[in-house]
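Student: pasting the structure only:
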């Protein structure tokens, strides 16, 4: 019998082991902490992923970054994700004086995070109210941006309020009468002492559970959606910014958001996404695209306001492909 040299045996064994060895799983370690803003507000951040920094700002106003998870996690494969909780929201500092909750102060908070984490130029994604904040940041700190992504957002409170007027007109008459009655008698200051500074359960169910719901989801409604759980927010912030007269009119300090005549100054590559039956109607996104030179508009089918829940794979692919192709 012919003897096989030992070195060949060892080579064959190594090759076999290599064939059967498993690829080492990639690990995404989470870093979290707080960055102090110029007026001593602590802004919570959470970051993980590989690639260029993609800062993500949430809506509400007064929600937190939590509603993005787990839907945006796949973006971590090609981006370093930085989620924040805006001042007064989530884990960030709450203010004694609600007048400190403004778009301008939150722009400075966002800049403090960029500087504090030494991110350099960033890509910035804002959803809903977060998109308003992202636009305001671009209008003030455009030199610090590489890319801007505006998701289901608005640039004009007047246009948004007109959308809400139509939304109420299209409601079933019984629902519209019920909502109007609650709004006319006042939607705060009712019920138990602990509940007087938030919407009543009756109003939450009517406004969010019936009025908004057709515009929130489409293809894949969140099976855990609970209108009452949406009430877990920063109410003093919400009232200061959104207003006190109900869901279907913005009359807080966000009424000053009128960026239409300023959007032409944005020159960084910009992607605008919106659901085809979004709470923030696609007509607003189309108008934004018309004013931001060279911007790209993606209308996601069978989607409401929560596009990344309705169409998670399509949303991730749209953002990733656009970031790659617009470098």
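Tutor: In hand now; what should we look at? Model, not experiment: these values are computed from the prediction.

Student: what sits against residue 152?
Tutor: The contact partners of residue 152, taken as C-beta atoms under 8 Å, 6 or more residues apart in numbering, are 127-128, 131, 273-275, 278-280, 285, 305-307. The way it works is simple: take the backbone N, C-alpha and C, and place the C-beta from them, glycine included.

Student: my bad, residue 313
Tutor: Counting by C-beta under 8 Å, 6+ apart, residue 313 has no contacts.

Student: secondary structure element for it?
Tutor: helix 312-325 (DSSP states H and E).

Student: give the buried residues for that helix.
Tutor: Neighbour-count burial for helix 312-325 flags 312, 314-316, 318-320, 322-323 (criterion: 16 or more other C-beta atoms under 10 Å).

Student: tell me the bridge partners for the spatially most central residue of the chain.
Tutor: Residue closest to the average C-alpha location in the chain (C-alpha atoms, centre = their mean): residue 127, at 2.9 Å. Beta-bridge partners recorded for residue 127 (DSSP bridges): residue 151.

Student: can you tell me how far it is from residue 106?
Tutor: 14 Å (C-beta to C-beta, to the nearest Å).

Student: try residue 287
Tutor: Residue 287 is 23 Å from residue 106, by C-beta to C-beta.

Student: which one of these two has more residues nearby?
Tutor: Shown here are residue 287 and residue 106; by other C-beta atoms under 10 Å, residue 106 has more neighbours (28 against 17).

Student: show me what contacts the more buried one?
Tutor: 86-87, 133, 136.

Student: okay, helices next: where are they in the stretch 1-150 of the chain?
Tutor: Applying DSSP state H, counting those that start in this stretch to the stretch 1-150 of the chain gives helices spanning 6-20, 103-116, 129-141.

Student: now stretch 258-277: mean pLDDT?
Tutor: Across stretch 258-277, the average pLDDT comes to 98.

Student: actually, stretch 204-220.
Tutor: 96.

Student: start to end distance for it?
Tutor: 22 Å (C-alpha to C-alpha, to the nearest Å).

Student: what comes up buried for that stretch?
Tutor: By 16+ other C-beta under 10 Å, the buried positions in stretch 204-220 come out as 204-212, 215-219.

Student: and those, which of them are in helices?
Tutor: 204-206, 215-216 (DSSP state H).

Student: break this structure down into its domains, please.
Tutor: According to automatic domain parsing, the chain is divided into the following domains: 31-157+257-325, 159-216+228-253.

Student: so which of the ones you listed comes closest to residue 24?
Tutor: domain 31-157+257-325 (14.5 Å; C-beta to C-beta).

Student: pLDDT on stretch 109-117, on average?
Tutor: 98.

Student: list of residues touching that stretch?
Tutor: Against stretch 109-117 from outside (C-beta under 8 Å, 6+ apart): 35-38, 41, 43, 45, 47, 53, 55, 57, 82, 84, 86-87, 119, 122, 124, 133, 137, 141, 144.

Student: the residues you listed in strands, which ones?
Tutor: 35-36, 43, 45, 47, 53, 55, 57, 82, 84, 122, 124 (DSSP state E).

Student: which of those sit farthest apart?
Tutor: 36 and 124 (20.5 Å).

Student: more crowded one of the two?
Tutor: residue 124 (30 against 13).

Student: surely the more buried one meets residue 148?
Tutor: Yes - if you go by C-beta atoms under 8 Å, residue 124 and residue 148 touch, sitting 5.6 Å apart.

Student: can you pull the contacts of residue 33?
Tutor: 44-45.

Student: I should have written residue 68 there, sorry.
Tutor: Contacts of residue 68 by C-beta under 8 Å, 6+ apart are 56, 58, 83, 127, 308.

Student: now do residue 237
Tutor: 60-62, 88-89, 94, 98, 101.

Student: same check on residue 216?
Tutor: 225, 279, 304-306.

Student: mind running it again at 6 Å?
Tutor: Contacts for residue 216 (C-beta atoms under 6 Å, 6 or more residues apart in numbering) come out as 304-306.

Student: how close does it sit to residue 241?
Tutor: For residue 216, the distance to residue 241 - C-beta to C-beta - is 20 Å.

Student: ok, back up a step: of the contacts of stretch 109-117, buried ones?
Tutor: Buried, going by 16+ other C-beta under 10 Å: 35, 37, 41, 43, 45, 47, 53, 55, 57, 82, 84, 86-87, 119, 122, 124, 133, 137, 141, 144, out of the contacts of stretch 109-117.

Student: now residue 176: closest residue in space that isn't a chain neighbour?
Tutor: Excluding its sequence neighbours, the residue lying closest to residue 176 (C-beta to C-beta, 6 or more residues apart in numbering) is residue 168, at 5.7 Å.
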